[in-house]
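Student: Just a sequence and a predicted model for now, questions to come.
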Amino acid sequence: MCAASAGWSPSGYDPMTRSLQFSLSAWLSALIVVIAMLDGVIAFKTAFHEANEVQDGQLLQMVALLTPRTLDVMEREAAEKVVGADPESKLVIQTLDEDRPLSLPRNLPDGVQNAVVDDAT
């Protein structure tokens, strides 16, 4: 048995790098990495969609509880009943036909909106 057939050669050439076993191992490793990445993308998209569905359902439930008659009561009692509520973080719910507390345009698009309100308002 010669030294080259045992995986060693005096020139530093390793026959294992050209072997079928090495090629299969490399392809299998690459395939596992690609499948794991695809699985991660699919899991993220699925979880993101599900989170949006849950949030939409919660918003629909909140809207069902709100009527113009209950808005004033909710605003008055919310500050008193929520323990540890930060007065700076205030949830404002208003219909688009009202001008107070925020002056909102009538053609406001659907979705979450940000508004900057002066301290004087």
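Tutor: Looks like it came in fine. Numbers count the residues shown, from 1 in each chain.

Student: mind giving me the domain split of this protein?
Tutor: Annotated domains of the chain cover 10-65, 67-121 [automatic domain parsing].

Student: which stretches of the chain form helices?
Tutor: Counting by DSSP state H, the chain has these helices, from start to end: 20-65, 68-81.

Student: Using a markdown table, lay out those together with mean pLDDT and mean neighbour count.
Tutor: The C-beta positions use only the backbone N, C-alpha and C, and glycine is treated the same way. Output for these, formatted as a markdown table (pLDDT from 0 to 100; neighbours: other Cβ atoms under 10 Å):
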| stretch | mean pLDDT | mean neighbour count |
| --- | --- | --- |
| helix 20-65 | 92 | 10 |
| helix 68-81 | 69 | 11 |
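
Student: In CSV, list the ones you listed along with distance to residue 107.
Tutor: What follows is those, written out as CSV (distance: least, Cβ to Cβ, whole Å):
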stretch, distance to residue 107
helix 20-65, 20
helix 68-81, 21
